[in-house]
Structures are given as C-alpha cells and as structure tokens.
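Chemist: Next comes the sequence, and after it the predicted model I'd like to discuss.
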Amino acid sequence: MVSEIDLLKINRGTISAPAGCGKTHLISEALKRHGNRKPILVLTHTNAGVVALRDRLNREGVPSSTYRLATIDGWAIRLVSMFPARAKLEKEILHLVNPGQDYPQIRNAAITLLKGGHINDILTASYAHLVVDEYQDCSVRQHAIVFYAAQALPTCALGDPLQAIFGFGSDALANWEKHVCEHFPLAGELNRPWRWINAGAVGLGEWLLDVRRKLLAGEQIDLSTAPAQVQWIPLDGVDNHARMLKAARIKPPGDNGHVLIIGDSVNADSRHRIASSVPGAVTVEAVDLRDLVTFARNLNLERDGSLVQIANFAQSIMTNVGATDLVRRVDILSRGAARKEPSEVERAALDFVRKPTYRGVLDLLVAINKEGGVRVFRPAVLRACIKALYACINTPSLSFYEAATQAREQNRMQGRPLPRRAVGSTLLLKGLEAEAAVILNATNLDMRNLYVAMTRGSKSLVICSSLQILNPSH
C-alpha cells in the first residue's frame, strides 16, 4: 500500500478518509518515518478506539517512543488536572461523578487553558506534531480544543463526514465544512479501497466508493446494480423477522471468516433477540453496560424477590434459562412439595434463597451457564458481572453497585475482541470490519448510518430492506 500523502509535511490541514481506504496505515507510516526525539500526539475519541489503534500500530511495528496516544477527553483531563487554577475548573469535577455534566465543563476548561496560550511552550516542548483520528466525531467543544492546540503544534485531522454518526447531546458535532475544513483546509483525499483490494473484492470496494459519492450527492442507491458480492433480501412486511434471522445465519467467506450483523440502533432488545436466536451469535455491548449497572443497583439481597431479579438477569444474557419456571420450581422445592430431585441449577437457587449472599449469586449464574442447552449471547455483560461479584466477595465493604461501576470502567479501557458472529448497531460496530456484513433493515438507516453499515464487510454484504432502491434520509 503506497500513498503520496505525508502527514508529517502537513502543518495545518485535513485528510478526507473514506472507510477502508488506508487511513490507519497512513498514520502508521508517518509514525514510522518520524525521526524527531519528541513524540507525535495522536488523539481519537473512545478508549476502545485507542486500544484498537494501539494494537494496529503494534502489529505494524511502530515504535511506541514515536507517539503518545489518548482520547481527546482523556488528554483534556490531563491538561486541566495539571493546571486547574489557570483552567478555572473545580477539581471535584475531575472525579466524573456526573459524566454528562462534567465532560462539557472539562472541555470548556481545556479550551480556556489552550485559548489563552498559557501552555504553548509546554506543548511545543512535549510534542512534535498533533494528529487527530476520526475527526468527523469531534463535538464543537472538542474541535475547539484541537483548534487552539494547533496554535502551538503542526496539526493534521483525518476523518470522513459521511461516518459522523456519534452525538454529544448539547455538545453538537462540529460541522465538516463550516468548522473542520474552514480551520484545517483540505490537504488530501484517500481514494483507493484498500480494505476490499486486500480482501480480493476490488469490485465491491469500487462500488462502495461510488455509493459514497451518490449518498453525498443525495442520489438513490439501486441495489440491482450492485456487484455479485452484494445480496439483497426483500422484507415483505409479513415474515420480516424470519427473513432477518435467515440473513443473520449466513456463512461467511472462508473457513475462519467473521460476520457483523447490524441491527436496530435504538431497540437493543431487538438485537438481543437476534443474538439469542442465531447459533454462535453474541452481542457487542455499549461501554456503559447499562443493564449490568441497573441490575447491580436494584439487587437487594435482604429483600424478597431477589431470586426473580437474578433469574431475569440471567435470562437477558443467556438462552434457555426459563426464569419463571426456575422461580416456580424453587418455590415448590422450598415447600417440600417436589416429586423430582433438584437439578444443579435448582440446588444453587435453593442455596441462595436459604442464604442470600453475593457468593450465592455468583454460584447460581455459573450453574446456569454450565447447564446443557444454555448459551451466553451477551458474554461481555456476564464477564463484567462475575468480576463485580468476585470484587464484592473479596471486599465485603464494597457494594455490588460500586463493584459493577468499577467493572464497567475497566471494560471501557479494554479492546473488544471480534466474535465470529457479532450483533450490534452502527454505533457499536463502527470501526470494526469482518469478511461479511449483514444489514437487518437498511430502510430504517439514514445516509450516514447506511454508509457505515455497508462498509463493514470486506468480502460480502447482505442487505435486508423493503425496497431494492434505497433513498436514505440526510
């Protein structure tokens, strides 16, 4: 893979980088060529993105001494924690007790610090260059942080406005033309579909580049003109779910291929139903692990009904649990009215009812997981839950809720290993790629989410939609 673009020669500019066109490789090659004793500061948006980028740089043999990698918000926290008085920020906010309120204040404080030029000399002494990846995901405040940091550092932004699907609530995404290209003029555009060239599916890659052009121009996408690697499955409104399940069960190209299944972005339960119904499928979870945290917050071992909560939680992450039947059976066993001996799961449930402890919760979940016919389709949630329960067992003063939030934060910092068959939304699967991608209902996606979904598969793409001509909203 060869590129004429040299990031190290860009003093202030933007690289337009369509999906799969070699953006990460471009960063990697620039870092390999970097000979300055000062490292290059590389910023992106999520902890998972940091982990993924670091893994990629390690695989490509980039010396760690050539760069410093962080999220924009993480770097902002580091800056304002070093100079809280100049940043005009109360230190308590750095504890992130209320992240939705605290992060905007931290960004504002970092802007204040950088805008005043108070630490320009520190920045120039610390870094040789600033590179910001996935720039389309910058909020207005994050863009301001980069803009003012660029007063001190040569800065290059890389991104694709058609992949801007993240939102920041009151802190809206920066406008690509008005904010990004106005402040960091376009310095180059990647235009070779390397993801598909490397996968031996160059025709699919070139077609997707044309799809990108049409989406940006507001044109329709006619799937009847798609290459052979694209399969359209019509949704007739009668047996849509059955057709989606059939699509989700496709065999990926090759013996060790992976499949990304892109479901409803809003309705997580619908994605869970797909994952529980498709053999081998597991969900990709949001980093907030909301269901685990809610379970941990509400579980009270001293209150009646805790077995119901545990059984329902197990049913939400594992197949063939039968929560209602388990609770009914335990009630019968407790009254001595059962004719049949209890199973291992029922024994664990009985032990918990007789002596409710976090060890009992752990033993019950493990027993359910071991039972024949049971499959975990939300393994990230179960792993974090087990980690939290062990923490409570080892540290009795720690509440289950506190342990769950700690497990959640540890999960944020870890990479997401790609399952063989993963179910998620465009937000959760963005940045991931597999040999095959399945879009369960393309009709519901706007143009940005549609483009992100269509570019996840390197060798094949299955699109379920009510019409063969897609006309996504802007």
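Modeler: That came in fine, so what should we check first? Numbering: from 1, shown residues only.
Chemist: Contacts only, for Gln414.
Modeler: 48, 51 (CB atoms under 8 Å, 6 or more residues apart in numbering). Heads up, the C-betas are built off the backbone N, CA and C, glycines and all.
Chemist: swap in Leu215?
Modeler: 162, 221, 447, 450-451, 472.
Chemist: Can you tell me which of those residues lies closest to His45?
Modeler: Leu162 (16.4 Å; CB to CB).
Chemist: what's the helix or strand for the residue lying closest to that closest one once chain neighbours are set aside?
Modeler: Take Leu162 and drop its neighbours on the chain: the residue closest to it by CB to CB, 6 or more residues apart in numbering is Tyr451, 4.9 Å away. According to DSSP states H and E, Tyr451 maps onto helix 447-454.
Chemist: circling back: state the pair within the contacts of Leu215 that is farthest apart.
Modeler: Taking every pair in those and measuring CB to CB, the maximum separation is 12.9 Å, between Leu162 and Ile221.
Chemist: My guess is the residue nearest to Leu162 contacts Gln163. True?
Modeler: Yes - applying CB atoms under 8 Å, one finds Tyr451 in contact with Gln163, separated by 6.7 Å.
Chemist: list the residues that contact both of the two?
Modeler: What both Tyr451 and Gln163 touch, as defined by CB under 8 Å, 6+ apart, is the set Ala19.
Chemist: Got the phi and psi for Met318?
Modeler: When read as degrees, to the nearest 10, the backbone of Met318 gives phi -130, psi 150.
Chemist: For it, which residues are in contact?
Modeler: So Met318 contacts 368-369, 374-378, 382 (CB under 8 Å, 6+ apart).
Chemist: mind redoing it with 7 Å?
Modeler: Met318 sits next to 368-369, 374-377 when contact means CB atoms under 7 Å, 6 or more residues apart in numbering.
Chemist: Then Pro342?
Modeler: By CB under 7 Å, 6+ apart, the residues touching Pro342 are 333, 350.
Chemist: what's the answer for Ile106, then?
Modeler: 73, 76-77, 80, 89, 93.
Chemist: Can you report how many residues neighbour Gly203?
Modeler: Neighbourhood size, Gly203 [other CB atoms under 10 Å]: 15.
Chemist: Quick check: it is in a helix.
Modeler: Yes - membership of Gly203 in a helix is supported by DSSP: H, G, I helix; E, B strand; the rest coil.
Chemist: how about the nearest residue to it, chain neighbours excluded?
Modeler: In space, Gly203 is closest to Pro227, 4.5 Å off (CB to CB, 6+ apart).
Chemist: following the lowest-mean-pLDDT helix or strand in the chain, which helix or strand shows up next?
Modeler: Ranked by mean pLDDT, DSSP states H and E, the weakest helix or strand in the chain is helix 84-87, scoring a mean of 80. Sequence order places helix 99-115 as the next helix or strand after helix 84-87, per DSSP H and E.
Chemist: Check the average confidence over that following helix, would you?
Modeler: The average pLDDT within helix 99-115 is 90.
Chemist: If you count neighbours, what's buried in that helix?
Modeler: By neighbour count on 16 or more other CB atoms under 10 Å, the buried set for helix 99-115 is 102-114.
Chemist: Using a markdown table, lay out these together with distance to Gly257.
Modeler: Converted to a markdown table, the buried residues of helix 99-115 look like this (distance: CB to CB, whole Å):
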| residue | distance to Gly257 |
| --- | --- |
| Asp102 | 42 |
| Tyr103 | 38 |
| Pro104 | 42 |
| Gln105 | 45 |
| Ile106 | 42 |
| Arg107 | 41 |
| Asn108 | 46 |
| Ala109 | 47 |
| Ala110 | 43 |
| Ile111 | 45 |
| Thr112 | 50 |
| Leu113 | 48 |
| Leu114 | 45 |
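Chemist: Just the strands from the protein, written as ranges.
Modeler: Along the chain, the stretches classed as strands by DSSP state E are 12-16, 40-44, 67-71, 129-132, 155-159, 186-189, 221-222, 230-234, 259-262, 282-283, 421-424, 434-439, 457-465, 469-470.
Chemist: winner for burial among these?
Modeler: Sort those by mean neighbour count, taking mean count of other CB atoms under 10 Å, and strand 259-262 sits at the top with a mean of 29.
Chemist: quick one: average confidence on that one?
Modeler: Rounded mean pLDDT across strand 259-262 is 98.
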